[in-house]
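1. Quick one, what's the 3D model for this:
(one chain, ligands or ions: 1)
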Amino acid sequence: MTMPKWASAALACPRCGGALSGLAAKQTTVTRCEDCGPYPVLAGVPVLVPEPARWCATFYDAALSALAEADLASRVAVQTLKAFADAAPGAEASRFSDDWTAWEAAGAAPPELHEGPGADALAELLKIAALQAPSLWLEHRTPDGVVLELGCGAGATSARLNTKRRSLMVGDVSLRAVLAASHRSGAVPVVMDAQALPLRARAFDAIVAENVVDLLEDAEGFFTSAKLALKPGGALLLASPAPSLGSPDEDDGVLARLASSAGFEVDESADGLPWLRRNSGRFVEVWLVQVLALRHSRAKRR
Ligand SMILES: [Zn+2]
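-> Residues are numbered from 1 along each chain as shown. I've put the predicted structure just below:
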């Protein structure tokens, strides 16, 4: 994989925001920030997290199996992963917390509901709910241009977002997720941390983050990072099943207030949109989700 020019021009060092060299080179294994040092590029996917050696050590086995699953575990990719991992001894191994069903990964139709008195009524409700999905709400409000989808999962939304009028990048801390989403949608895959986005200032027209912000330890860091990366007037499109962000009084206004204190204006919002997870023919989950279309305000009003 060689990275397209628009994508290498839109990426930056996750620690200092400085330029990265070597990203656009063919079959590169390393990209470098002059001040902060090297970052690995595994089978064409740059790993642009603040502590790349720790990421490689923590997710060593997980990254190996993600590469193997995608048929990308070349000798040079494995060597690069190992070289970085060796620089962070003692890191505790962890899996990627990928959260998708087998049929979602395959891009297949969901399983049929188990026959019985519940099935017909439920099928009718699920049909209505699918039309109101938060992912559709976000997609309809995503502008053309350079777009990042953060927390891409297996790429169900990426496939619809990647139109001719958009240059789409998919970002996730999971190598397995960005490989799956890229395979499905043709988007450019980058491993990244949502709290330290490796994005060049003012390079993006939109950032879409579905069910991501409530999982972060530092949601404020995410908003600051996203504001820097967006062009003035750019869009930040969010969906969250937990917009109170764990506040003790379950105040669902927390997410929107955090966004506005980071300098975003709420263009449009909605709540109670059904996010369906059809795990099997017998098990269906429904989350009622809040969605926000935010705009990078050109000047801070006081
Ligand atoms: Zn740097």
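2. residue ranges with poor pLDDT in this protein?
-> 1, 298-302 (pLDDT under 70).
3. Let me see the ranges of the strands in it.
-> 20-21, 30-33, 37-42, 45-48, 145-150, 166-172, 188-192, 204-210, 230-240, 264-278, 284-296 (DSSP state E).
4. would you turn those into JSON lines with distance to the ion and mean neighbour count?
-> C-beta: built from backbone N, CA, C; applies to glycine. Converted to JSON lines, the strands of the chain look like this (distance: least, CB to the ion, whole Å; neighbours: other CB atoms under 10 Å):
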{"stretch": "strand 20-21", "distance to the ion": "8", "mean neighbour count": "18"}
{"stretch": "strand 30-33", "distance to the ion": "3", "mean neighbour count": "20"}
{"stretch": "strand 37-42", "distance to the ion": "8", "mean neighbour count": "22"}
{"stretch": "strand 45-48", "distance to the ion": "10", "mean neighbour count": "26"}
{"stretch": "strand 145-150", "distance to the ion": "19", "mean neighbour count": "24"}
{"stretch": "strand 166-172", "distance to the ion": "18", "mean neighbour count": "25"}
{"stretch": "strand 188-192", "distance to the ion": "14", "mean neighbour count": "27"}
{"stretch": "strand 204-210", "distance to the ion": "19", "mean neighbour count": "25"}
{"stretch": "strand 230-240", "distance to the ion": "20", "mean neighbour count": "22"}
{"stretch": "strand 264-278", "distance to the ion": "26", "mean neighbour count": "16"}
{"stretch": "strand 284-296", "distance to the ion": "23", "mean neighbour count": "19"}
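5. now those strands as TSV including distance to Ala66?
-> Shown next, in TSV, are the strands of the chain (distance: least, CB to CB, whole Å):
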stretch	distance to Ala66
strand 20-21	22
strand 30-33	19
strand 37-42	9
strand 45-48	9
strand 145-150	18
strand 166-172	11
strand 188-192	10
strand 204-210	21
strand 230-240	25
strand 264-278	22
strand 284-296	25
